[in-house]
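1. please work out how this folds:
(3 chains)
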Amino acid sequence: MNGNYLELNVFFDIIGTIAFAISGAILGCRKKMDILGVIVLGLVTALGGGFIRDLVLGITPPKMFQNSTNAIISTVFSILVFIFYSLKQDFENSHWMKFMNKFMIITDTIGLASFTITGMATAISLGYDKKFLLIFVGSITGVGGGMIRDVLAGTIPFIFREQIYAGACILGATTFIIARHFCNYQISMVICFFAVLIIRLLAVKKNWNLPRIKN
Amino acid sequence: MNGNYLELNVFFDIIGTIAFAISGAILGCRKKMDILGVIVLGLVTALGGGFIRDLVLGITPPKMFQNSTNAIISTVFSILVFIFYSLKQDFENSHWMKFMNKFMIITDTIGLASFTITGMATAISLGYDKKFLLIFVGSITGVGGGMIRDVLAGTIPFIFREQIYAGACILGATTFIIARHFCNYQISMVICFFAVLIIRLLAVKKNWNLPRIKN
Amino acid sequence: MNGNYLELNVFFDIIGTIAFAISGAILGCRKKMDILGVIVLGLVTALGGGFIRDLVLGITPPKMFQNSTNAIISTVFSILVFIFYSLKQDFENSHWMKFMNKFMIITDTIGLASFTITGMATAISLGYDKKFLLIFVGSITGVGGGMIRDVLAGTIPFIFREQIYAGACILGATTFIIARHFCNYQISMVICFFAVLIIRLLAVKKNWNLPRIKN
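-> Predicted coordinates for the structure are as follows:
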């Protein structure tokens, strides 16, 4: 059972890595970075959340330095994004840009959902189980990579622009905590994943907005 | 005595948390973030300095993940700032903006002073007592939260814009080191607090400027 | 022999510190910061790479807090840059700006090369020897300080703008790994240093560019 739990954790780790690598690489391409810049932004986005998680939990050196799998996956997917962008000639075409914007939101959300889970799962595997700590570590792991990506690329982080971004993260993590009372680990993880995904994508689709100061 | 010393440390930790949460939330409101963005910026500002301090001193997981008090306090005060801003309708009014600018400088300075102290006190409580290390840890704890706040909000950090910002921090920390030779811990802390506060507020008031390159 | 190896590591650490302090201070002067801002930006650039390296390798408190030598060196060189800039009156003169731009690229590259080495050497001294980990730690130590400098100064990091920046780092680190099979530590370090230096300076000189997305 512990084995299965770990396997599912690894699965979400890889899914999140791929999704964030793609979202980082897309932003790099849109910012007209060269291929290595695109790879670096993909790597930073994909590995940033786990890096923060490991610093927070005192895992040194962080897992990304112990196992190169995720770095290789990130590099491969960043290169694929770059090639894909290169092939597409009518880059300025507004349809295409709109599509890539939407696509980036989806990959970003998958990364967010996956890393919220791996953040909590890693903390649990180290013996932590205070609810507040789990939600906090999950959220910071989820939003960390995208935040570093946006700061490095010189745009205001998603978390401050988008509807229900950190909110989806916190609600999803809370769902996980609740679900654990009724289901086993694996199912709770899957529920958390879809909770984050659905909340955020619905929010974007329906243009839900939290209150903000008007002029 | 050790008890009292710890209590005063906790006191400054809470004061600094409140002050930085307010300064982060004000910046969030001025940048027209939604309520969750305002809370996140408040949290990041309030907990950022302590997070850096704990990473530096090897305290994992950082205290903010062990004890949720400061996070809850930050959230509450960020919400209060948001409500306060919402009620005030004539937001564009230049008087009001000027007042909030001044108010943010004051809360930011209180946070700066408090966290300079908690940085040094935490290092001392772990057995460090090299003067240079204490001043360095104190200063980085003091300026850390505001620096993260400004980077995330996309403005040039205070530390590079304002008169005597890091200077107040370093001078205050030095005051603490000197005061410890004459007074006990608690009094040295209080002296340090007012040293940072007075130096920085006087500098802003009198518009003291350090030399800078002309054209 | 271990002694010599450590000495060379210390040598590159000091060279890198001086070079990055200068590059940080130059950017501070160009951004019209005051003298303390210039010193802080110099310090952050010079100590940032080592700070990240130590966090990654679990060295707490980071070496910069244990030994003040590098901080003092950074401060002195930042002040020298500031004085030098102050003396030069025709600051707007395009010749002068062009020269300082070039000079900053050179010091930045020396810092990059030095810290790539100290990153790998520190990891090796702690017993790590996986090739991938060494290249990764070396690269992140090399680019870390400059990245923090650029983010704080509000410019897009070099790593995303310049030709063959991270590339020089990764190639240099790989050279080190290969050289170790044929030469001893010290010579491998020197080879790595010149590899990074020559690759990057040639790239800037010849205006080599990696492919990037056209419009």
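2. so does the lengthiest helix in chain A get close to chain C?
-> Assignment by DSSP state H gives helix A:94-125 as the longest helix of chain A. No - shown here: helix A:94-125 not in contact with chain C (C-beta under 8 Å from any C-beta of the partner chain), separated by at least 11.4 Å. To be clear about C-beta, it is placed using only N, CA and C from the backbone, and glycine gets the same treatment.
3. how about stretch A:126-142?
-> No - with C-beta under 8 Å from any C-beta as the measure, stretch A:126-142 is seen stopping short of chain C, the closest distance being 14.9 Å.
4. what is the neighbour count of whichever residue of chain A sits closest to chain C?
-> Residue of chain A nearest chain C, by C-beta to the nearest C-beta: A:Thr60 (2.8 Å). Counted with other C-beta atoms under 10 Å in any protein chain shown, residues neighbouring A:Thr60 total 19.
5. wait, what's in contact with it?
-> Applying C-beta atoms under 8 Å, 6 or more residues apart in numbering or on different chains to A:Thr60 gives the contacts A:Asp54, C:Leu55, C:Val56, C:Leu57, C:Gly58.
6. let's see which of the residues you listed end up in helices.
-> Here DSSP H is the test, and those give A:Asp54, C:Leu55, C:Val56, C:Leu57 as lying in helices.
7. that older thread, nearest to chain B among the contacts of A:Thr60?
-> Checking the contacts of A:Thr60 one by one against chain B (C-beta to the nearest C-beta), the nearest turns out to be C:Leu55, at 6.2 Å.
8. does chain B sit close to stretch A:20-40?
-> No - Stretch A:20-40 lies out of reach of chain B by C-beta under 8 Å from any C-beta, never closer than 15.2 Å.
9. buried residues, that stretch. List them.
-> Buried residues in stretch A:20-40, counted by 16 or more other C-beta atoms under 10 Å in any protein chain shown: A:20-31, A:33-40.
10. average pLDDT across that stretch?
-> Stretch A:20-40 carries an average pLDDT of 91.
11. can that stretch be said to contact chain C?
-> Yes - using C-beta under 8 Å from any C-beta, a contact is recorded between stretch A:20-40 and chain C, made by A:Gly28, A:Cys29, A:Lys31, A:Lys32, A:Met33, A:Asp34, A:Ile35, A:Leu36, A:Gly37, A:Val40.
12. now the element after the strand or helix carrying the last one, going C-ward?
-> A:Val40 is part of helix A:35-57 when elements are defined by DSSP states H and E. Tracing the chain past helix A:35-57, the next element assigned as helix or strand by DSSP H and E is helix A:63-66.
13. just give me how far that next one sits from the chain centre.
-> The chain centroid and the centroid of helix A:63-66 are separated by 18 Å, computed with C-alpha atoms, centre = their mean, to the nearest Å.
14. show the subsequent helix or strand relative to it.
-> helix A:69-87.
15. so which other helices or strands are in contact with that following helix?
-> Helices and strands touching helix A:69-87, by 3 or more C-beta pairs under 8 Å, 6 or more residues apart in numbering or on different chains; DSSP states H and E, are helix A:2-30, helix A:35-57, helix A:63-66.
16. helices or strands up against the shortest one?
-> Under the contact criterion of 3+ C-beta pairs under 8 Å, 6+ apart, helix A:63-66 touches helix A:35-57, helix A:69-87, helix C:131-152.
17. out of the ones you listed, which is the most enclosed?
-> When these are scored by mean count of other C-beta atoms under 10 Å in any protein chain shown, the highest mean neighbour count falls to helix A:35-57 (a mean of 26).
18. returning to that earlier point: just the pLDDT for the residue of chain A closest to chain C.
-> For A:Thr60, the pLDDT comes out at 79.
19. ditto for the one 5 residues further on
-> Listed pLDDT for A:Phe65 reads 80.
20. which residues touch the closest residue to it other than its chain neighbours?
-> Spatial nearest neighbour of A:Phe65, chain neighbours left out: C:Leu133 (4.9 Å); criterion: C-beta to C-beta, 6 or more residues apart in numbering or on different chains. Shown in contact with C:Leu133 (C-beta under 8 Å, 6+ apart): A:Pro61, A:Phe65, A:Gln66, A:Ser68, C:Ala123.
21. about what we covered before: select, from the contacts of A:Thr60, the two members most distant in space.
-> Largest separation among the contacts of A:Thr60 by C-beta to C-beta: A:Asp54 and C:Leu57, giving 12.1 Å.
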